[in-house]
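Enquirer: Got a predicted model here, sequence first, then my questions.
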Amino acid sequence: MERTSNLQHRLVQSHASGWINGLIGVLIFSGSLPATRVAVLEFDPVFLTVARATLAAILALCLLLLFKEKRPARQQLLPLAIVASGVVVGFPLLTALALQYVTSAHSIVFVGLLPLATAVFGVLRGGERPRPVFWVFSVLGSLLVVGFAISQGLTASPQGDLLMLLAILACGLGYAEGAKLSRTLGGWQVICWALVLALPVMALVTWWRAPATFANISAPAWFSLAYVSLFSMLIGFVFWYRGLAQGGIAAVGQLQLLQPFFGLTLAATLLHEHVSLGMLGVTVAVILCVAGAKRCAR
């Protein structure tokens, strides 16, 4: 009986830690799209994507060497490649391209689709089985997001909206695969090894796509590049993958619905972008759906 009680206590503690780590990750990620929006005004989107990955990978390699981490097993290389393709290349590149057509405030609302995408890939790749009511709330929240995009006029920026949808799919796959792998490899080790795996290609493309001169790049653009390289590409994932592994991919993944609130606040205060009542209304409605989904996730 005592042994069972101790096990239950440890499970509760792990679940609580998962939500705390997940929330820290979401707070860090909330600055990603506004920072990318600032950076892409002066940096080529492809260069921005590979440069942020290269800088983060160099730091990740230093951490792995410093702590003398053991190399991943052969069977872990494919999952690491999936993580790298989703969160190191796919999501950063697709969002950088999308932000040439839409504002960061508009793109942030698409983050409302991330919990559903993460949960779906959590079932497909992580073996999780949320209750049926969970999917009702998740799908309803996603429909609200898609409905908002349509109401804003998809014909005005079909490229931007399509790129954001593809980015969400890539990110959801990378989140779920990384969370599954972190159970055996470790949270920060997953993103570090994924970055290092992509480093040779990222470094080569960085050199190839580098502008002829950096003289005209402003301080805000450099700061934004530093933020997405250090925080969005590395530090945020340390907390996020650990949180997903501790609290469950589908459940903790719902915290991503708080990201639009934080992101819209940054877009309005730092970038002075217009945040409409429609954006806020959709965000509130989607978060209510997430609250319902959280109660129904196993």
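Expert: Yes, it's here.
Enquirer: Tell me how many other residues crowd residue 162.
Expert: 14 (other CB atoms under 10 Å). From N, CA and C alone the C-beta is placed, and that goes for glycine too.
Enquirer: Show the pLDDT at it.
Expert: pLDDT for residue 162: 89.
Enquirer: so how far is the helix or strand that contains it from its chain's centroid?
Expert: Residue 162 belongs to helix 158-185 when assigned by DSSP states H and E. Computed by CA atoms, centre = their mean, to the nearest Å, the chain-centroid distance of helix 158-185 equals 7 Å.
Enquirer: Report the spatially nearest residue to the residue nearest to the spatial centre of the chain, omitting neighbours in sequence.
Expert: When the chain is reduced to its mean C-alpha position, the nearest residue by CA atoms, centre = their mean turns out to be residue 171, at 5.8 Å. What sits nearest to residue 171 in space, not counting adjacent residues and going by CB to CB, 6 or more residues apart in numbering, is residue 91, at 4.1 Å.
Enquirer: pLDDT at the one you found, what is it?
Expert: pLDDT at residue 91 comes out at 95.
Enquirer: tell me the angle whichever helix or strand it is part of makes with helix 158-185.
Expert: Assigned by DSSP H and E, residue 91 belongs to helix 91-98. Helix 91-98 and helix 158-185 are oriented at 170 degrees to each other (axes from the mean of the first three to the mean of the last three CA atoms, to 10 degrees).
Enquirer: Could I have the CA atoms of helix 91-98 written out in CSV?
Expert: The C-alpha trace of helix 91-98 is given here as CSV (Å, rounded to 0.1, in the frame of the first residue of the first chain):
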residue,chain,number,x,y,z
PHE,A,91,8.6,25.2,-38.9
PRO,A,92,11.2,28.0,-38.9
LEU,A,93,11.5,28.1,-42.7
LEU,A,94,7.8,27.9,-43.4
THR,A,95,6.9,30.6,-40.8
ALA,A,96,9.7,32.9,-42.1
LEU,A,97,8.3,32.6,-45.6
ALA,A,98,4.7,33.1,-44.3
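Enquirer: show me what contacts the residue nearest to the centre of the chain?
Expert: 86, 87, 90, 91, 114, 117, 118 (CB atoms under 8 Å, 6 or more residues apart in numbering).
Enquirer: please redo it, this time with the cut-off set to 10 Å
Expert: By CB atoms under 10 Å, 6 or more residues apart in numbering, the contact set of residue 171 is 29, 86-87, 90-92, 94-95, 111, 113-114, 117-118, 121, 256.
Enquirer: again with residue 229
Expert: Here residue 229 is in contact with 35, 39, 48, 51-59, 92 (CB under 10 Å, 6+ apart).
Enquirer: If burial is judged by neighbour count, which of those pass?
Expert: Neighbour counting by 16 or more other CB atoms under 10 Å classes 35, 39, 48, 51, 52, 53, 54, 55, 56, 57, 59, 92 among those as buried.
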